[in-house]
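pasting the sequence and the predicted coordinates here, then a few questions.
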Amino acid sequence: MSEETRAMPEKALLVLRAAAADAGGELGVHVSRARVMQQTGISDLEEFVRLAQYLAERGYIAEGVNRYELFVLTLRGIGVSAGGMQHP
C-alpha cells in the first residue's frame, strides 16, 4: 500500500477502487454513481457526494456532473486505486 492510500480515508479508497473497477481501469470511461454506491454499500447520497468531492479535490476523479451521477477517473486515480503509484 502506498503512502498516499494510507493517508486516504478508508471509504474514499473504497469509492475510488469501485470506480476503477466500474471503468475497467481505463481513462475516459464514465462511471456511474449508482453502481459505485451499490458496490461500496454507501446508501447516503450526501456521504457519497462528500467522498467524491474529496477525491475530486485531490485529482483522483474529474468531470463530475449532477452531484457525481457520472464522473471519470484521472490517470492519478487509476494508479492510486491499483496501489501502484505514489504522488506528492
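Done, it's in.

what is the host helix or strand of R50 packed up against?
Using DSSP states H and E, R50 sits in helix 45-57. When contacts are defined as 3 or more C-beta pairs under 8 Å, 6 or more residues apart in numbering; DSSP states H and E, helix 45-57 sits against helix 10-22, helix 33-40, strand 61-65. Backbone N, C-alpha and C define where each C-beta goes, glycine included.

would you mark the buried spots in the first one?
Within helix 10-22, the residues scored as buried using 16 or more other C-beta atoms under 10 Å are K11, A12, L13, L14, V15, L16, R17, A18, A19, A20, D22.

quick one: A12 from L27, how far?
The gap separating A12 from L27 is 20 Å, by C-beta to C-beta, to the nearest Å.

hmm, back to that, pull the residues that contact the helix holding R50.
9, 11-12, 15-16, 33, 36-37, 42, 61-62, 64, 67-68, 71, 77 (C-beta atoms under 8 Å, 6 or more residues apart in numbering).

tell me the mean pLDDT over stretch 58-78?
Mean pLDDT, computed over stretch 58-78, is 96.

near F71, how many other residues are there?
25 (other C-beta atoms under 10 Å).

now do the same for it: helix, strand or coil?
With DSSP: H, G, I helix; E, B strand; the rest coil as the basis, F71 sits in strand.

show me the shaky parts of this structure.
Scanning the chain for pLDDT under 70 picks out 1-7, 84-88.

most centrally placed residue in it?
L16 (2.7 Å; C-alpha atoms, centre = their mean).

now do the contacts for that one.
By C-beta under 8 Å, 6+ apart, L16 lies in contact with M8, L55, Y60, I61, L73, G77, V80, S81.
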